[in-house]
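Engineer: Have a look at this prediction, sequence included:
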Protein chains: 2
Amino acid sequence: MYVDLVQPLLSGQEVVATGMMGELQRCQLAIDRALAGAKVALVSSGDVGVYGMAGLALEICRERGIRLGPLSGGPDIDLPLEVIPGVPALAAAAALLGAPLMHDFVSISLSDLLTPWEIITKRVEAAAAADFVIVIYNPKSKKRDWQLGTVQEMILKHRGAETPVGIVSRAMREGQEVTITSLTEMHQHPVDMQTIIIIGNSQTYAAGGYMITPRGYLNKYDLDD
Amino acid sequence: MYVDLVQPLLSGQEVVATGMMGELQRCQLAIDRALAGAKVALVSSGDVGVYGMAGLALEICRERGIRLGPLSGGPDIDLPLEVIPGVPALAAAAALLGAPLMHDFVSISLSDLLTPWEIITKRVEAAAAADFVIVIYNPKSKKRDWQLGTVQEMILKHRGAETPVGIVSRAMREGQEVTITSLTEMHQHPVDMQTIIIIGNSQTYAAGGYMITPRGYLNKYDLDD
């Protein structure tokens, strides 16, 4: 999929696609090519630094004893490396919804592949109680379909039934879907691993097709002024 | 400052800079120009959707009864509008530090101009207790210099003294500064309103000049594999 997405940007570069191979192998391959002298771009979707490949690449280099450093180089560097930030999926989703991230927010992945479910629920509970806007990554997969309902019930103990919820799938890609619904209705919309869900805080409102979180609690700025 | 930053992108457009005027007036002016028929870009730094101008623009239009809609238009729309996402300061800072945002994180602004301090501390406490990586915006201003020390003390009750902390000022701009330090030492580094601070979770480590948060808690992927 990523190769298709970057196709318009290619101009003769060699493309190494790993097909069904995992992230780990893809990372190792990129590092091996770079060590062999090639200028390599390891491509992630969204921002490589938010649940992306940046951490894995750095961890593998550390494990292999490869000393990394800036592109400007230096005597103690085996491999020059630059992490290039991008537009995270949460920012793309927020832009399509209006302005839901104007105030403090959390980002939580519901994938329990690498994180115990107790830690995930502890975070959801903490975020709901402290009135954070809540961004959810990986809400559901083929093998994992019950977590989102549990999370919804947890948050409903702290927020009103009508709290706005934005659901964005395939943000700014083919097949994009954008929905604004409520906390009680959110489970009725289809979601998958390419979906970002944004649950408003106590001040968030939906109006005119947009989801808006005000910048503060004090109304210190007067819009009529 | 923003006008200077976008200077290389300009090619004859009219530039309306409001000097010392506030955000509210700048927003109103942009909306007035757009209503008068001009194609207007309201420029923010970082991502306009994260503590940016997107919310204010939408709130003002709502207050003024201006019906917004997509660029493709429609009979019920007074003003077509598109929110264009960007690279948030937290993503730029993370890229410069390595990979601190590989796992769940919160974003908290310490500015108490529009948010009561009790809400801010409640969020810091919740985030620290639930082992989120913590991103801090607006850590300090000229008139507000004590909050960061209080936050540090609160987090130290939940995390080790050696927890890595990344401090990035003016990310990817002139005067950029990048520091990796520890939770106990963080207050010794200069910070201002253009600084992002990222405090690691219990798994975050600093190595080889980078700050890395592993993707999970279970070590399900074996780097030697």
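Structural biologist: Yep, that arrived.
Engineer: what's the average pLDDT for stretch A:122-131?
Structural biologist: What stretch A:122-131 shows for mean pLDDT is 98.
Engineer: Show me the residue at the heart of chain A, geometrically.
Structural biologist: For chain A, the residue nearest the mean C-alpha position is A:Ala89 (4.7 Å; Cα atoms, centre = their mean).
Engineer: How far does stretch A:9-18 sit from its chain's centre?
Structural biologist: Relative to its parent chain, stretch A:9-18 has a centroid offset of 25 Å by Cα atoms, centre = their mean, to the nearest Å.
Engineer: likewise stretch A:30-40?
Structural biologist: That offset, for stretch A:30-40, works out to 27 Å (Cα atoms, centre = their mean).
Engineer: Low-confidence ranges, chain A, go.
Structural biologist: By pLDDT under 70, the low-scoring segments of chain A are A:19-21, A:218-225.
Engineer: mind running it again at 50?
Structural biologist: Scanning chain A for pLDDT under 50 picks out the ranges A:224-225.
Engineer: show me where it has strands.
Structural biologist: For chain A, strands defined by DSSP state E occupy the ranges A:68-69, A:79-80, A:98-99, A:105-109, A:133-137, A:164-169, A:177-182, A:195-199, A:205-207, A:210-212.
Engineer: which one of the ones you listed is the most hemmed in?
Structural biologist: strand A:98-99 (a mean of 28; mean count of other Cβ atoms under 10 Å in any protein chain shown). Just so you know, the C-beta spots here come from the backbone N, C-alpha and C atoms, and that holds for glycine as well.
Engineer: for the nearest residue to the residue nearest to the centre of chain A once chain neighbours are set aside, what are its contacts?
Structural biologist: Take A:Ala89 and drop its neighbours on the chain: the residue closest to it by Cβ to Cβ, 6 or more residues apart in numbering or on different chains is A:Gly46, 4.2 Å away. Contact partners of A:Gly46, counting by Cβ atoms under 8 Å, 6 or more residues apart in numbering or on different chains, are A:Gly52, A:Gly86, A:Val87, A:Pro88, A:Ala89, A:Ala92.
Engineer: Go through these and name the one nearest A:Ile199.
Structural biologist: The closest of these to A:Ile199 turns out to be A:Ala89 (Cβ to Cβ; 15.4 Å).
Engineer: how many other residues sit next to A:Thr184?
Structural biologist: Residues near A:Thr184, counting by other Cβ atoms under 10 Å in any protein chain shown, number 14.
Engineer: how near is the residue nearest to it when sequence neighbours are not counted to A:Thr181?
Structural biologist: Closest residue to A:Thr184 apart from its sequence neighbours, by Cβ to Cβ, 6+ apart: A:Ala161 at 4.4 Å. Distance, A:Ala161 to A:Thr181, using Cβ to Cβ, to the nearest Å: 11 Å.
Engineer: mind listing the helices for chain A?
Structural biologist: In chain A, the helices defined using DSSP state H lie at A:2-6, A:23-35, A:54-63, A:89-97, A:117-129, A:147-156.
Engineer: Report all helices and strands that the fourth one contacts.
Structural biologist: Counting contacts by 3 or more Cβ pairs under 8 Å, 6 or more residues apart in numbering or on different chains; DSSP states H and E, helix A:89-97 packs against strand A:133-137, strand A:164-169, strand A:177-182, strand A:195-199.
Engineer: do that again at 6 Å, thanks
Structural biologist: Using 3 or more Cβ pairs under 6 Å, 6 or more residues apart in numbering or on different chains; DSSP states H and E as the contact test, the elements touching helix A:89-97 are strand A:164-169, strand A:195-199.
Engineer: Let me see the contact set for A:Gly52.
Structural biologist: By Cβ atoms under 6 Å, 6 or more residues apart in numbering or on different chains, A:Gly52 lies in contact with A:Ser44.
Engineer: my read: A:Ala99 touches B:Gly55, true?
Structural biologist: Yes. The pair A:Ala99 and B:Gly55 qualifies as a contact (Cβ atoms under 6 Å) at a distance of 3.6 Å.
Engineer: Identify the contacts common to these two.
Structural biologist: A:Ile212.
Engineer: burial count for A:Ala38?
Structural biologist: 12.
Engineer: Grab the nearest non-local neighbour of it.
Structural biologist: Spatial nearest neighbour of A:Ala38, chain neighbours left out: A:Glu14 (8.0 Å); criterion: Cβ to Cβ, 6+ apart.
Engineer: that older thread, TSV for the strands of chain A, including distance to A:Ile60?
Structural biologist: What follows is the strands of chain A, written out as TSV (distance: least, Cβ to Cβ, whole Å):
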stretch	distance to A:Ile60
strand A:68-69	11
strand A:79-80	11
strand A:98-99	38
strand A:105-109	21
strand A:133-137	22
strand A:164-169	31
strand A:177-182	35
strand A:195-199	27
strand A:205-207	44
strand A:210-212	39
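Engineer: re the thing from before, separation between the residue nearest to A:Thr184 and chain B?
Structural biologist: Distance, A:Ala161 to chain B, using Cβ to the nearest Cβ, to the nearest Å: 22 Å.
Engineer: For that residue, give its distance to A:Leu183.
Structural biologist: 6 Å.
Engineer: Have a look at those two and say which one is more surrounded.
Structural biologist: Neighbour count, other Cβ under 10 Å: between A:Ala161 and A:Leu183, A:Leu183 has more, with 18 against 9.
Engineer: quick one: contacts for that one?
Structural biologist: A:Leu183 makes contacts with A:Leu156, A:Ala161, A:Thr163, A:Val165, as judged by Cβ under 6 Å, 6+ apart.
Engineer: could those residues go into a markdown table alongside distance to A:His103?
Structural biologist: Converted to a markdown table, the contacts of A:Leu183 look like this (distance: Cβ to Cβ, whole Å):
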| residue | distance to A:His103 |
| --- | --- |
| A:Leu156 | 20 |
| A:Ala161 | 21 |
| A:Thr163 | 14 |
| A:Val165 | 16 |
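Engineer: quick one: stretch A:47-61 to chain centroid distance?
Structural biologist: Mean-position distance between stretch A:47-61 and its chain equals 13 Å (Cα atoms, centre = their mean).
Engineer: Ok, stretch A:87-100 next?
Structural biologist: Here the centre of stretch A:87-100 is set off from its chain's centre by 10 Å, with Cα atoms, centre = their mean.
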